[in-house]
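**Student:** Kindly generate the corresponding structure for this input.
(2 chains)
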Amino acid sequence: MSTSGRSLWHRFFGNSARAFGSVSVVLLFSLAIAPAKDFFSEWRKYQNDYVKLVRTRADAVTLQRHIEPGLQQIWHPELVVVDRCTTCHLGLKEASLADVTQQPFGKHPPIPHSLTQFGCVVCHRGQGAATTVREAHHSTDAWEEPLLPARFIEASCGQCHLTPLRGTPVLNEGRRLLSRQGCVHCHNVRLADGTPMQPTDNPPDLGHIAEKTTREWIFAWVKNPQAYATSATMPNFGFGDDDTRDISAFLVAQSTPSPYTARIASRKTKPAAGDASAEGASLYGQSFCASCHATQNAAGNLVGGDIGPELTRVGSKLKPEWLEEWIRNPDDFFPGTKMPRFRFTDQQLSLLTGYLQSKTDSDLLANVHLEPTTQKQIDHGRALVMEYGCASCHQINGVKKPENFAPDLSHIGSKPFAQLAFPAGVEHTLPDYLTSKISKPRAFGTGLKMPKFTLAQAQVDALTTALLANTARANTLPATLRVASQHDSQYQPAGKAGRLMDELRCFSCHSINGRGGTMAPDLSWEGSSVQSQWLTEFLKNPNTLRPALIRRMPKFNLSDAEIHTLADYILTVYQSPAFDRDGIAQASLTPQLAEEGKQLFYSKYNCNSCHIVDTAKDKGYVGPVLAQAGLRLTPAWTFQWLKNPQALRPGTIEPNQHMDDADARALTAYIMTLKARKGANQ
Amino acid sequence: MKRQLILLAIVIGMAGCAKQALAPTPAGAAAPEGAVLMESSGGKQAAAIGTPLEQPVMVQLNDAKGAAAAGVGILLSGPTGAKFDPPSGVTDANGQFTSQVAAPGTSGHFQIVAATADGKARLKIDGIALGYEQGLGRQLSTQYCARCHDAESTPERVSNMDNLDPKPHAFSEGDTYNKISNADLTSLISHGGAALNKSASMPPFGYTLTPAEIQALISYIRAIADPPYERVYANK
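**Tutor:** Numbers count the residues shown, from 1 in each chain, chains lettered A, B, ... in the order given. Below you'll find the predicted structure:
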């Protein structure tokens, strides 16, 4: 061994010439390592493969001319983007490679930005500077930002776009849910421009809860809100029977009399509980309660709106005397409510209350038997209410709204893995962490407070998308790239009409000057649109204008004076600045012109494909019925509408036909002659 | 040298075993002779890339006599990125197996392969993954077109299709739309039916939708065409 060792040594380093030769060889070899690594690199293989692919294509010459060999890089110092993805993804911009499915050579699908504008990782994540497949796409020891799975890709749009975009339905829904499901009551979520997200649910004040409901119902509700109403927003906290008992004890104990207690108590005639008379049901129908409130039908499906709470089992919840006073004037009890003050008579109130009280579920409270409350239970209940942050959503006497109750989620989209604890069975990626955390929050350990929400998988994905948009990058991108978030309009109409509109809660459904709901038409320019006589009649007795749309506007039982105030205000204040409401005199619309318009209506523009004029023979379920349009619309509005419908109501589906003035005037003349008087409203 | 060869053999053997261990092996009986897999529901659905198809995919396994084959292992597979929940299982008493499928991450037509565990019966099911542009087109279609071009009515949107003569064509009617070039479709949407000697009931949308929006609509119509739209048509 030692002899052979010595002879080997002697062979290579025996004398200075040999030693010099050997060292030179080693040196040369080591010098060759770097170029060899480059020559045999992964990306070079892909570039060679791409050349082979391109040669087989019809437009090989053009494609070959576009190839730039060597490492490629998109560099945007201001965005902190150094992306070498285009080194291997060579065909991204080649329209003729749209049918190529072999990766990484396919064409990038069309997007609203140019491909080099932001580089790749701003949207797709991953490591832009990497030049191997593994390092660029997956998380490695040194780098933990893997590619974003396709189903969450809209999260990337949300880094700059803070307002809803048509192209990002999932992101929009996710952001809506963050507000609607009350996530932002407990979690702070600031958008990239610093705007805090606001909740849009409306959790009730619990300060006078004992007046409204029983301890038994509170118990059943806290135990499992979805057992009472499948559509309930309140999540399930998974409390045990004892904890639930103590919470219900505390909530009843903290309840104080409201300013209306005396009024409730002084009701001489107690409403008939559980009167399921047809009269009550038809009043419920006539008042269009279902526009906002849902009930479960026999098949178990929810029917009705989601602005107010579900009423399937409301009779098991509310005390009849409270319910009756609530319907009389909801604002007295809860100023934040979206429910209007209907002008019901005492008899109507009693009928409606009786009908609602008949909607009970005997199973709901059947097994709830509560002993009288002890002080120990109340104290324990208070401790639980504070521990679980109930006051983050609800007003509770003697418990302050906790600050920063849950982790801030403003940068959750870039949360380092090292700071996350994954439960068994969850893949170690941020999207997987978030989806599991939202759908199974209690699987992450015992003693966690986050409750279980009832969400469909698509909703969980949408929420995850919205959270993934809150990246560190979103906060460091140049502010000029940001499409700022909308601030809610605080518009409040003035005076007597303003108070009336507030009482009727017009803004729960209608939008005016940027404030309000989306269920009913925007009324910002209603004053330019309709005739005074029609508006007065409509407010007195609303009907639907569209043949295929369920009417949703309730009848508020307004007095003539109230209708006059409201109509007057709408007609004078809500006018479009773009044209004069009385700009086209009725007299200028001659019968000859109307006859010409009729021809245009039926032959040139085929308006009858979508609109009904003659209810006996016309069909057309898309637009409103025009049989009475001459009594409803102003000529100026009709003319402007025909010229450009979207200018008056953005997003309306009636296409802009680019009509010239002569045609629009003739059609206006014809439409103004449509004054069919019907015996009764629909 | 010999030792190295043995080592190599061991490594290859282990790799082979590992690969086998990765493949899911569903429980359940072997498929009966002459078993046939059929699509019950869930084929030809379109969903945005990476997102679940609206309806689950359901397959039916029958034996040679056409009776339901229960308790047979079924495996689902698809292109990279497509997800199945569950990816395998056994047929129920009616011979059916149901799985929730998520579209792959790249847009275009994709195929799901359902097969019995022993591979005796196989079935291909089509699906469509919509990219950004097609997704935008689908939304525009729902807002502007579906009232007349979709025969389905919902309480919120009653179909106007039967009121029109000639009847509008549903966007999935490949036989109709595949024959119309992109340029003609663009003019049809921009200038209305009358411009191409088609029904005047089709109004012009060229002043309502942007060129990019019209392009998105066409992209969506092409994506959902059944039979599928072939690129060849575009060049005609």
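**Student:** Please make it C-alpha for all contacts and neighbour counts, starting now.
**Tutor:** OK.
**Student:** quick one: buried residues of stretch A:476-493?
**Tutor:** A:477, A:482-485, A:493 (16 or more other CA atoms under 10 Å in any protein chain shown).
**Student:** Could you do stretch A:660-667 as well?
**Tutor:** When burial is assessed from 16+ other CA under 10 Å, stretch A:660-667 yields the following buried residues: A:663-667.
**Student:** so, in contact with chain B or not, that stretch?
**Tutor:** No. With CA under 8 Å from any CA of the partner chain as the criterion, chain B is not reached by stretch A:660-667; the gap is at least 13.2 Å.
**Student:** Tell me which residue is most central in chain A.
**Tutor:** A:Arg176 (2.7 Å; CA atoms, centre = their mean).
**Student:** Regarding it, which helix or strand does it belong to?
**Tutor:** Here A:Arg176, judged by DSSP states H and E, is contained in helix A:169-180.
**Student:** Check B:Leu123 too.
**Tutor:** Assigned by DSSP H and E, B:Leu123 falls in strand B:122-130.
**Student:** on that earlier part again, what helices or strands is the helix holding A:Arg176 leaning on?
**Tutor:** helix A:154-157, helix A:457-468 (3 or more CA pairs under 8 Å, 6 or more residues apart in numbering or on different chains; DSSP states H and E).
**Student:** Can you tell me what sits against that helix?
**Tutor:** A:154-155, A:158, A:164-165, A:183-184, A:197-201, A:459, A:461-466 (CA atoms under 8 Å, 6 or more residues apart in numbering or on different chains).
**Student:** Secondary structure added to the buried residues of stretch A:660-667, as a markdown table?
**Tutor:** Formatted as a markdown table, the buried residues of stretch A:660-667 follow (DSSP: H, G, I helix; E, B strand; the rest coil):
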| residue | secondary structure |
| --- | --- |
| A:Asp663 | helix |
| A:Ala664 | helix |
| A:Arg665 | helix |
| A:Ala666 | helix |
| A:Leu667 | helix |
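**Student:** closest to A:Thr132 among those residues?
**Tutor:** Minimum separation from A:Thr132 among the buried residues of stretch A:660-667 (CA to CA) is found for A:Ala664, which lies at 63.6 Å.
**Student:** circling back to that earlier point, how far away from the center of its chain is the following helix or strand past the strand holding B:Leu123?
**Tutor:** Counting by DSSP H and E, the element after strand B:122-130 in chain order, helix or strand, is helix B:132-140. Distance of helix B:132-140 from the chain centroid (CA atoms, centre = their mean, to the nearest Å) equals 16 Å.
**Student:** Over helix B:132-140, what's the mean pLDDT, rounded is fine.
**Tutor:** Throughout helix B:132-140, pLDDT has a mean value of 94.
**Student:** cool, stretch A:54-67 as well?
**Tutor:** Mean per-residue pLDDT for stretch A:54-67: 91.
**Student:** end-to-end on it?
**Tutor:** 10 Å (CA to CA, to the nearest Å).
**Student:** is chain B contacted by it?
**Tutor:** No. Using CA under 8 Å from any CA, stretch A:54-67 stays clear of chain B, with a minimum separation of 13.6 Å.
**Student:** thinking again about what came up before, list the buried residues of the helix holding A:Arg176.
**Tutor:** In helix A:169-180, counting by 16+ other CA under 10 Å, buried: A:170-180.
**Student:** domains in chain B, as residue ranges please.
**Tutor:** Listed domain ranges for chain B are B:26-130, B:132-233 (source: automatic domain parsing).
**Student:** which one of those domains lies closest to A:Leu92?
**Tutor:** Of all those, domain B:26-130 sits nearest to A:Leu92, with 13.1 Å by CA to CA.
**Student:** so what's residue 70 scoring on pLDDT?
**Tutor:** Let's take chain A. 89.
**Student:** The intended chain is chain B.
**Tutor:** Looking at B:Ala70, the pLDDT reads 88.
**Student:** Give me the below-cutoff pLDDT ranges for the chain.
**Tutor:** In the absence of a named chain, chain A is used. A:1-5, A:267-276, A:547-549, A:551, A:677-682 (pLDDT under 70).
**Student:** that's the wrong chain, I wanted chain B
**Tutor:** If you take pLDDT under 70 as the line, chain B has these spans: B:1-27, B:231-236.
**Student:** Can you show me the strands along chain B?
**Tutor:** With strands called from DSSP state E, chain B shows them at B:36-41, B:45-48, B:57-62, B:73-77, B:83-85, B:88-90, B:96-102, B:108-116, B:122-130.
**Student:** Identify the residue of chain A closest to chain B, quick one.
**Tutor:** A:Arg151 (4.3 Å; CA to the nearest CA).
**Student:** give me every residue that touches the nearest residue to that residue once chain neighbours are set aside.
**Tutor:** Distances taken as CA to CA, 6 or more residues apart in numbering or on different chains place B:Gly50 nearest to A:Arg151, at 4.3 Å, with adjacent residues excluded. Listed by CA under 8 Å, 6+ apart, the contact partners of B:Gly50 are A:149-151, B:81-82, B:102-106, B:129.
**Student:** Would you tell me which residues of chain B are close to chain A?
**Tutor:** B:48-52, B:105-107, B:131-133, B:135-136, B:139, B:143-144, B:147, B:155-160, B:163-164, B:200-201, B:203-208.
**Student:** hmm, which of those are the buried ones?
**Tutor:** Here, 16+ other CA under 10 Å leaves B:48-52, B:105-107, B:131-133, B:135-136, B:139, B:144, B:147, B:158-160, B:163-164, B:200-201, B:203-206, B:208 buried among those.
**Student:** re the thing from before, how close does the residue nearest to A:Arg151 sit to A:Gly14?
**Tutor:** From B:Gly50 to A:Gly14 the distance is 67 Å (CA to CA).
**Student:** The most centrally placed residue in chain B bridge partners, please.
**Tutor:** Centrality entry for chain B: nearest residue to the mean C-alpha point is B:Gly127, 1.1 Å, by CA atoms, centre = their mean. Under DSSP bridges, the beta-bridge partners of B:Gly127 are B:Gln45, B:Phe110.
**Student:** What's the separation between it and B:His109?
**Tutor:** On the measure of CA to CA, B:Gly127 and B:His109 end up 6 Å apart.
**Student:** same thing with B:Leu37?
**Tutor:** Computed as CA to CA, the B:Leu37 to B:His109 distance reads 21 Å.
**Student:** what's the closest non-adjacent residue to A:Arg84?
**Tutor:** A:Gln73 (4.4 Å).
**Student:** hang on, I meant B:Ala70
**Tutor:** Nearest one to B:Ala70, counting by CA to CA, 6+ apart, is B:Gly95 at 4.5 Å.
**Student:** which residues touch that neighbour?
**Tutor:** Contacts of B:Gly95 (CA under 8 Å, 6+ apart): B:60-62, B:68-72.
**Student:** Between those residues, which sits nearest chain A?
**Tutor:** In terms of CA to the nearest CA, no member of the contacts of B:Gly95 lies closer to chain A than B:Gln60, at 25.5 Å.
**Student:** That closest one against B:Met38, yeah?
**Tutor:** Yes. Using CA atoms under 8 Å, B:Gln60 is in contact with B:Met38, at 5.0 Å.
**Student:** what does the stretch 351-500 of chain A have sitting close to chain B?
**Tutor:** The stretch 351-500 of chain A has residues A:Ala458 near chain B, with proximity defined as CA under 8 Å from any CA.
**Student:** Quick check: the residue of chain B nearest chain A.
**Tutor:** Counting by CA to the nearest CA, chain B gets nearest chain A through B:Gly50, at 4.3 Å.
**Student:** any idea how far that residue lies from A:Thr471?
**Tutor:** 21 Å.
**Student:** from the contacts of B:Gly50, which would you call buried?
**Tutor:** When the contacts of B:Gly50 are checked for burial by 16+ other CA under 10 Å, the buried set is A:149-151, B:82, B:102-106, B:129.
**Student:** could you dump the residues you listed to TSV with distance to A:Phe40?
**Tutor:** Formatted as TSV, the buried ones among the contacts of B:Gly50 follow (distance: CA to CA, whole Å):
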residue	distance to A:Phe40
A:Pro149	30
A:Ala150	31
A:Arg151	35
B:Ala82	32
B:Ala102	37
B:Ala103	36
B:Pro104	32
B:Gly105	30
B:Thr106	29
B:Ala129	36
